[in-house]
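*Asks:* pasting the sequence and the predicted model now:
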Amino acid sequence: MLVDLMGRMDDTLTLAIQGYGWLPNRLRHSPQDVVRTRLLGQTTVALRGPDAARFFYDEQHIRRHGAIPEPLRGTLFGKGAVHTLDGEPHRVRKAMFTALLMNGGYDGLVERAETAWDAATRSWAGRQVVLFDETAPVLARAVCEWTGIPVQPQDLPALAADLVAMVDGFATAGPRHWRARRARGRRERWLADIVTQVRRGELDVPPGAALAAVAAHRDSDGELLDPQIAAVELLNIIRPTVAVTWFVTFAGHALHRWPEHRGRLRQGDAVFAEAFAHEVRRFYPFAPFIGGRARTDLTWRGTDIPAGAIVLLDLYGQNHDARLWPDPYRFDPDRFVGREIGAFDLVPQGGGDPRTGHRCPGEQITVALLKALAVRLARLDHQVPAQDLDIPLHRIPTRPVSGLVMAVPARSA
Ligand code: HEM
């Protein structure tokens with residue numbers, strides 16, 4: 001921890017060094033699950049646990065506007081994104097996402113992902129492939145077809161690489177970050193053009209597809225989205241869908257480390273496949289925490305949170321809290337079999353109600369894709385040769401260093 005010119009502790013460097021371990025380490029010694037510190041020179045209060053999540057998701061307590069630092073908006077989310085809205089503007093924009101992404105409307109996406117995966121795996125026969133690198137274009141193809149975004153097959157690898165870059169570079173300085181910014185700029189221009197063509201009637205889009213819905217969406221002021229913002233929100237559908245690549249790679253890692261789970265997945269046991277998907281999302285590190293700003297002066301368990309302070313909710317720490325998940329560092333899908341998951345318990349994609357709050361509206365899609373592809377991965381005849389399977393916790397976002405190399409025999413074609 002560094003000390004600033006006024007003698008105050010600042011945790012920015014510790015976060016950069018410790019990554020996923022930072023907040024759990026800071027909270028370990030807090031019986032109240034709350035810690036006050038500074039990040040980037042600003043007062044920051046970090047909270048953990050289901051009750052803290054309830055407190056955090058109360059709109060009277062936390063606002064999102066002005067909470068996301070520019071380097072994150074310039075790479076991961078985009079400027080003017082739904083993530084940064086509050087109140088009525090948030091509710092109206094969010095309704096567009098929940099209508100498109102929730103309640104089974106995504107079956108077509110899952111089917112397309114399965115078809116794209118099956119085509120890809122046929123081409124893997126007799127080769128060594130990197131699971132991470134192969135999965136991203138599969139998901140990019142599926143989500144572009146499903147949303148109605150026109151992409152030529154030969155352009156898919158470059159699109160997948162740009163979408164991966166936006167996620168990979170948000171939490172770092174240096175080349176990864178600048179790659180993410182360039183990728184975002186390129187893809188926002190491309191999609192803003194497509195939205196303009198749709199509005200002019202120059203491009204046919206299947207009715208009900210996300211491209212048509214976003215192009216026609218009217219915000220709480222009754223206006224169409226600026227083409228740039230429409231592009232940002234289309235990216236907020238296709239980018240995180242491709243980001244499911246991280247979880248598929250983690251699923252491959254889990255099947256290698258704990259091959260005893262392969263059998264039940266192979267048999268297509270749907271209850272177990274869903275439990276496996278939840279355990280991958282709980283166990284492996286992806287989103288470390290989320291942040292907002294205190295709307296007014298607040299107090300949480302005796303700790304004062306001044307108006308305007310940054311408030312963080314520790315997602316990774318909560319997903320590894322032994323009070324919620326006995327033996328939390330054991331990969332055990334069965335912990336989810338027959339368990340009703342509370343709205344604030346399992347938080348890899350946020351907590352609460354996605355329709356009213358900021359919780360991820362893509363959670364059902366994530367689980368459905370992960371289930372479908374984990375079953376296919378378990379059925380795929382492959383070996384995992386010696387490689388670096390370390391998952392470094394200081395790197396955000398992290399993944400197995402090798403990306404998970406698989407040797408696929410020729411006969412599995
Ligand atoms: C929000 C994680 C997949 C669309 C979020 C949030 C997290 C998250 C942590 C913030 C919640 C909050 O601020 O309270 C993830 C992870 C995913 C994933 C780890 C797996 C790869 C998806 C998918 C989609 C999606 C597949 C869309 C197809 C969104 C959107 C928001 C969001 C639009 C903003 C919601 C709002 O601010 O109201 N996600 N997500 N995500 N996610 Fe996801």
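*Replies:* Received it, and whenever you're ready, just let me know what you need.

*Asks:* avg pLDDT for stretch 62-80?
*Replies:* Stretch 62-80 shows a mean pLDDT of 92.

*Asks:* what comes up buried for it?
*Replies:* Buried positions in stretch 62-80, judged by neighbour count with 16 or more other CB atoms under 10 Å: 62-64, 67-68, 71-78, 80. Backbone N, C-alpha and C define where each C-beta goes, glycine included.

*Asks:* now stretch 378-397
*Replies:* Across stretch 378-397, burial judged by 16+ other CB under 10 Å covers Ala378, Leu380, His382, Val384, Leu389, Ile391, Leu393, Arg395, Ile396, Pro397.

*Asks:* ok now that stretch, how far from the chain's centre?
*Replies:* Its chain's C-alpha centre and that of stretch 378-397 lie 19 Å apart, by CA atoms, centre = their mean, to the nearest Å.

*Asks:* same question, stretch 203-213
*Replies:* On the basis of CA atoms, centre = their mean, stretch 203-213 sits 24 Å off its chain's mean C-alpha point.

*Asks:* which parts of it are buried?
*Replies:* Within stretch 203-213, the residues scored as buried using 16+ other CB under 10 Å are Leu203, Val205, Ala209, Ala210, Leu211, Ala212, Ala213.

*Asks:* pLDDT weak spots in this structure?
*Replies:* 1-8, 412-413 (pLDDT under 70).

*Asks:* re earlier: what's the closest of the buried residues of stretch 378-397 to Ala116?
*Replies:* Of all the buried residues of stretch 378-397, Ala116 sits closest to Leu380, with 14.4 Å by CB to CB.

*Asks:* surely that closest one meets Pro409?
*Replies:* No. At 10.1 Å, Leu380 does not count as touching Pro409 under the criterion of CB atoms under 8 Å.

*Asks:* can you give me the strands in the stretch 101-250 of the chain?
*Replies:* 127-130 (DSSP state E, counting those that start in this stretch).

*Asks:* what residues does it put near the ligand?
*Replies:* When proximity is defined as CB under 6 Å from any ligand atom, the stretch 101-250 of the chain approaches the ligand at Leu101, Asn236, Ile237, Pro240, Thr241, Ala243, Val244, Phe247.

*Asks:* measure how buried Ile341 is and give me the count.
*Replies:* 10 (other CB atoms under 10 Å).

*Asks:* enumerate every residue touching it.
*Replies:* By CB atoms under 8 Å, 6 or more residues apart in numbering, Ile341 lies in contact with His278.

*Asks:* in which helix or strand would I find it?
*Replies:* Ile341 is part of no helix or strand when elements are defined by DSSP states H and E.

*Asks:* how close does it get to the ligand?
*Replies:* Relative to the ligand, Ile341 is positioned 16 Å away (criterion: CB to the nearest ligand atom, to the nearest Å).

*Asks:* same check on Arg141?
*Replies:* Taking CB to the nearest ligand atom, one finds Arg141 at 15 Å from the ligand.

*Asks:* now swap in Gly201 and tell me
*Replies:* Distance, Gly201 to the ligand, by CB to the nearest ligand atom: 26 Å.

*Asks:* number of residues surrounding that residue?
*Replies:* Counted with other CB under 10 Å, Gly201 comes out at 7.

*Asks:* got it, and Arg91?
*Replies:* Arg91 has 15 neighbours, counted by other CB under 10 Å.

*Asks:* swap in Ile17?
*Replies:* When neighbours are counted by other CB under 10 Å, Ile17 comes out with 10.

*Asks:* that one and Leu393 touch, don't they?
*Replies:* No. Here Ile17 lies out of contact with Leu393, judged by CB under 8 Å, at a distance of 10.7 Å.

*Asks:* name the residues of the helix or strand hosting Met96 that are buried.
*Replies:* Using DSSP H and E, Met96 maps to helix 87-101. For helix 87-101, the neighbour count (16+ other CB under 10 Å) marks His90, Val92, Arg93, Lys94, Met96, Phe97, Thr98, Ala99, Leu100, Leu101 as buried.

*Asks:* now find how far off-centre it is within its chain.
*Replies:* Worked out by CA atoms, centre = their mean, helix 87-101 lies 18 Å from the chain centre.

*Asks:* now the closest residue in space to Asn236 that isn't next to it in sequence: how far from Pro259?
*Replies:* The shortest distance from Asn236 to any residue other than its chain neighbours is 5.8 Å, reached at Ala81 (CB to CB, 6 or more residues apart in numbering). Applying CB to CB, to the nearest Å, the value for Ala81 to Pro259 is 40 Å.
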